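1. have a look at this prediction, sequence included:
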Amino acid sequence: MLLTCTTTTMATFGAMARTLRRSLGPLTCVLLLAALSAASPAHDGRLICWQAIFNCRSEPECNYAYDQYQRACAPVLKGDRKCPSHCIASLVQLNLTRNGPSLEDCSCERDKACALTKQAIEPCLPRITSSGCTAARAQCLKDPPCNSALDDYMRHCGKLFSSPVCTDACRNVIATMRKIPKGQQLDTCMCDGEERLFCEFVKSNMKLRCFDAPQAEEGSGSHDDYDAEEDDDDYAESDYWPESESGASRAEVRWVSTLLLASILALTPLF
């Protein structure tokens, strides 16, 4: 997804816009640029990226989401390979606007700066892949042994998100899931889709409590606050884990548990 104004193309576009404003006036300028944007797609039917950016900037919701993206993903665009959770969240919101999706499919043509931007942001895109946790979860739900294991997970690992302790029983549930054929797919899946933000949080949380921390018996252990990763300081656990008083149905709770399981199994080995 191209989500920045590239140097060469956007400079040319800006100069053209200023010239038109001086000679034709603001309203005529906007109308002509809008017509140009709609009338000159790339050769394969996609918009050129400067056109996609222009369309996004013309839509209030997309324009706001675009600004949020530029702030949240600035480290990634500067070369950082790690995607902060708020960057992923901003990409999800941008994709929900009317003109946001065209930014992902737009053509850079021969603009090298545009191509480099697309390459930098590619790992952060909330896409669903055939090997991702979204597909793995769907297959697990259709498999009776794997589906049944989700109930065990809720029973033995449910306290994990209100307590810093990962019990032996919870570790055993995860180990059992890894012995189930469909559970093995959960073991290797990568977080994807619009659920990626939540999935990444759970994966990091589970790794810290169940794999990096010493084993603990049920009811034991410290209750020190969990320190999230540096990039995720603005995302508290309460933003992801529903309260029991929320009135969520059993189906909704089960859906959340399945997402958690799809996330936590893609971790380092238990032993």
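-> The structure has been received and is ready for your questions.
2. correct me, but A72 touches H86?
-> Yes: in terms of Cβ atoms under 8 Å, A72 counts as a neighbour of H86; the distance is 4.6 Å. The way it works is simple: take the backbone N, C-alpha and C, and place the C-beta from them, glycine included.
3. okay, now the unreliable bits of the protein?
-> Applying pLDDT under 70 to the chain flags the ranges 1-44, 160-161, 213-271.
4. any idea how the chain splits into domains?
-> 7-124, 133-264 (automatic domain parsing).
5. who has more neighbours out of A72 and H86?
-> A72 (22 against 19; other Cβ atoms under 10 Å).
6. ok, that one - contacts?
-> By Cβ atoms under 8 Å, 6 or more residues apart in numbering, the contact list for A72 reads P84, H86, C87, A89, S90.
7. make a markdown table out of these and add distance to S58 and secondary structure.
-> Putting those into a markdown table (distance: Cβ to Cβ, whole Å; DSSP: H, G, I helix; E, B strand; the rest coil) gives the following:
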| residue | distance to S58 | secondary structure |
| --- | --- | --- |
| P84 | 28 | coil |
| H86 | 25 | helix |
| C87 | 24 | helix |
| A89 | 23 | helix |
| S90 | 19 | helix |
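8. would you map the helices across this protein?
-> Ranges of helices in the chain, per DSSP state H, are 7-24, 26-39, 49-58, 60-72, 74-77, 85-95, 101-105, 112-121, 133-142, 144-157, 168-177, 181-188, 196-206, 250-264.
9. what number of residues lie near the closest residue to R127 other than its chain neighbours?
-> Ranked by Cβ to Cβ, 6 or more residues apart in numbering and with sequence neighbours excluded, the top spatial neighbour of R127 is D192, at 6.1 Å. Using other Cβ under 10 Å, D192 has 21 neighbouring residues.
10. distance of R209 from E61?
-> 38 Å (Cβ to Cβ, to the nearest Å).
11. show me which of those two is the more surrounded one.
-> Comparing R209 with E61 by other Cβ under 10 Å, the one with more neighbours is R209, at 21 against 15.
12. once you drop chain neighbours, what's closest to the more buried one?
-> C166 (4.4 Å).
13. the one you found: neighbouring residues, count only.
-> C166: 26 neighbours (other Cβ under 10 Å).
14. do you know how far it is from K159?
-> In terms of Cβ to Cβ, C166 sits 9 Å off from K159.
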